[in-house]
Each structure stands twice: as structure tokens, then as C-alpha cells.
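Novice: Only the shape, not the letters, is given here:
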């Protein structure tokens, strides 16, 4: 049933125009489709939509993430565009210049992961990861 369904993320926004500008200017993404109160984006492995919501973004957990081949290059480019990365110094999670070295991963993904997190214009917490293969 659901194992054959596509996964699509939904992110709330208070201000759709502000969100559109953030995703365009900071992440280089343009909507592939829009409707009243919503924008739909497509990436290589899925899609996400941003919709106007009166609800509140928790921002306390990663709400959406991308997997990249070169996190250093991705972080450099996003910083150049003005993205500010979260810094953490928690038990088991410490970032250095925004990047965390994470032990363990799903067996098919490798032995670990390098990750970064940032907030969009609406307070949604987004992540980028690069699997560590060996």
C-alpha cells in the first residue's frame, strides 16, 4: 500500500511571499507549481509544498532534509547566499562551523553522517546530510 507511494513533505508558512523569496534567493529553488495559498517544489528524489498556515512551526526537530554528495561545497554555497547554520554543543551532537559528525547510520547509507541544520524564513528547521561511507 504505502510502500509504493511517493513521500511529500508539507511545511507551514505565515507569509508565503517571504517563504518564496527565501527558497529562491537562499536555496536556489523555484516552485514548479502554485495554487492559492501554496507552492509546490520538486527535487531529484521527492517534492515538498509550503502552505499558508495559522499554526505555529515547532522548529524543535528536523522537518525536512536533503542528502548531498558534498556537504562542504553545499554549505559554502548556501553561506554565500546568506543561509545561517545552527550551532549545537549537546551531548552526542556538536557542530564545528555548522557541521556535525554523526556516528552511526542505516547500514545501506554507510557508517555515519555529516549534517547541518538551518531555519527557513518561517522558522522551519531544515537539514542537509552527507553519508559517510568509510
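Specialist: Perfect, thanks for sending it. Given the structure is predicted, the values throughout are model-derived calculations rather than measurements. Residues are numbered from 1 along each chain as shown.

Novice: Could you use CA atoms for every contact and neighbour count after this?
Specialist: OK.

Novice: ranges for the helices of this protein?
Specialist: 16-25, 71-80 (DSSP state H).

Novice: Those into a markdown table, with extra columns for distance to residue 59, mean pLDDT and mean neighbour count?
Specialist: Formatted as a markdown table, the helices of the chain follow (distance: least, C-alpha to C-alpha, whole Å; pLDDT from 0 to 100; neighbours: other C-alpha atoms under 10 Å):
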| stretch | distance to residue 59 | mean pLDDT | mean neighbour count |
| --- | --- | --- | --- |
| helix 16-25 | 15 | 98 | 16 |
| helix 71-80 | 20 | 96 | 15 |
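
Novice: Quick one, which of those gets closest to residue 100.
Specialist: Shortest distance between residue 100 and these, using C-alpha to C-alpha, is found for helix 71-80: 10.7 Å.

Novice: What lies in contact with the closest one?
Specialist: Residues from elsewhere that reach helix 71-80 (C-alpha atoms under 8 Å, 6 or more residues apart in numbering): 26, 27, 68, 114, 115, 128, 129, 130.

Novice: mind checking the end-to-end distance for stretch 120-134?
Specialist: For stretch 120-134, the first-to-last residue distance is 32 Å (C-alpha to C-alpha, to the nearest Å).

Novice: Number the chain from 9, please
Specialist: Happy to do that; since the first residue is 9 now, the last one works out to stretch 128-142.

Novice: How about that stretch, which residues are buried there?
Specialist: 128-140 (16 or more other C-alpha atoms under 10 Å).

Novice: what are the ranges of the strands in the protein?
Specialist: For the chain, the strands defined by DSSP state E occupy 16-21, 41-43, 46-51, 54-60, 72-75, 97-98, 101-104, 107-111, 120-127, 133-140.

Novice: Please render these as a markdown table that adds mean pLDDT and distance to residue 29 to the earlier fields.
Specialist: Formatted as a markdown table, the strands of the chain follow (pLDDT from 0 to 100; distance: least, C-alpha to C-alpha, whole Å):
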| stretch | mean pLDDT | distance to residue 29 |
| --- | --- | --- |
| strand 16-21 | 93 | 12 |
| strand 41-43 | 95 | 14 |
| strand 46-51 | 96 | 12 |
| strand 54-60 | 93 | 12 |
| strand 72-75 | 93 | 18 |
| strand 97-98 | 92 | 31 |
| strand 101-104 | 93 | 28 |
| strand 107-111 | 91 | 25 |
| strand 120-127 | 94 | 14 |
| strand 133-140 | 93 | 16 |
